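Enquirer: predicted structure and sequence below. I'll ask about it afterward.
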Amino acid sequence: MRLAVPIERLKPAITLVGWVGFALVTADYAGFIDLPVLIQIPLWLAIVTSICRWALWEGLIKPKLTAPPEKALAPDELKTSRDDEC
């Protein structure tokens, strides 16, 4: 897969950013620090956006990334590739 090499190379940086973000948000929620509010997002908009992102990732993007190459083909392409093998 073409994305595997760049993702593996950036994995330590992505992990570090995730942990720093987690620590900052947790400290803000606990009241140890006070992070500035950059933008006020209504709760309903945050929930709808999160649901849509999850549905797109789990329903459309992730299955295509994890599928073997022959399953990633469209039905018409799969049909023609089977005909060529016989």
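Expert: That came through fine.

Enquirer: next up, the contacts around the residue nearest the centre of the chain.
Expert: With distances taken as C-alpha atoms, centre = their mean, the residue of the chain nearest its centroid is Trp57 (5.9 Å). Contacts for Trp57 (C-beta atoms under 8 Å, 6 or more residues apart in numbering) come out as none. C-beta here means a position set from N, CA and C on the backbone, and glycine is covered the same way.

Enquirer: report the separation between it and Ile14.
Expert: 16 Å (C-beta to C-beta, to the nearest Å).

Enquirer: Phe32 now?
Expert: 25 Å.

Enquirer: buried set for stretch 36-53?
Expert: For stretch 36-53, a neighbour-count test (16 or more other C-beta atoms under 10 Å) marks nothing as buried.

Enquirer: look at Gly21 and report its pLDDT.
Expert: Note for Gly21: predicted pLDDT of 93.

Enquirer: what about it, how many residues nearby?
Expert: By other C-beta atoms under 10 Å, the residues close to Gly21 number 10.

Enquirer: the one 10 residues further on too?
Expert: Here the number of neighbours of Gly31 (other C-beta under 10 Å) works out to 7.

Enquirer: right, I'll leave it there.
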